[in-house]
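Engineer: here's a sequence, model it:
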Amino acid sequence: MSRHEQPNLQRGACLDLLPEVVDKYFMANGNTERFQVATAKAICGRCAVRAACLMDSIKVPWPSGGIRGGELASTISELHRRYEAGEDLDLLTIETLRKQEPLRGRHGGEAFRAGRFVSLELLPTPDMQDVVNSTVPLAGQTAYNGDT
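Structural biologist: Below you'll find the model as predicted:
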């Protein structure tokens, strides 16, 4: 099933883009095409369904590379392994969203060039929004203070 057919992803920012734009940026090689990856992550960072997209990709990762939910395929593959090993999907998603950074100011420009973004609005449930925005650590983690 494509993302166009999944009701929870139909408001995705990438769905309004031309197919050649999606191919160029969202299927970029994370090792050699840093600008394309940064651009895709910036689009994901403003997407209304980023968290749902990330959750979906953790459950069923793409067979090829690329960016989904603001993360590279290599990260998603590792998250999928952890999910298959029994870790909670919501907690994996929240942990990953917490590690992404907002794009703002001079430091936001540096984050853009480094390919790190997040927009914590419109998470799938209000409870998830509260957890992502909180500083309460997840199991086995130290408190998150917004710095990397």
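
Engineer: switch to C-alpha atoms for all contacts and neighbour counts from now on
Structural biologist: Will do.

Engineer: can you give me the strands for this structure?
Structural biologist: Along the chain, the stretches classed as strands by DSSP state E are 67-68, 71-72.

Engineer: by contact count, what packs against the first one?
Structural biologist: For strand 67-68, the packing partners by 3 or more Cα pairs under 8 Å, 6 or more residues apart in numbering; DSSP states H and E come out as helix 34-45, helix 50-59.

Engineer: what's in contact with the last one?
Structural biologist: Yep, that's helix 50-59 we're talking about. Here helix 50-59 makes contact (Cα atoms under 8 Å, 6 or more residues apart in numbering) with 8-9, 12, 44, 68-71, 76-77, 79-80, 83, 89-90, 93, 97, 123-124.

Engineer: would you write a ChimeraX line that selects the buried entries of those residues?
Structural biologist: To isolate the buried members of these in ChimeraX, using 16 or more other Cα atoms under 10 Å:
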select :9,12,44,68,69,70,71,76,77,79,80,83,89,93,97,123,124
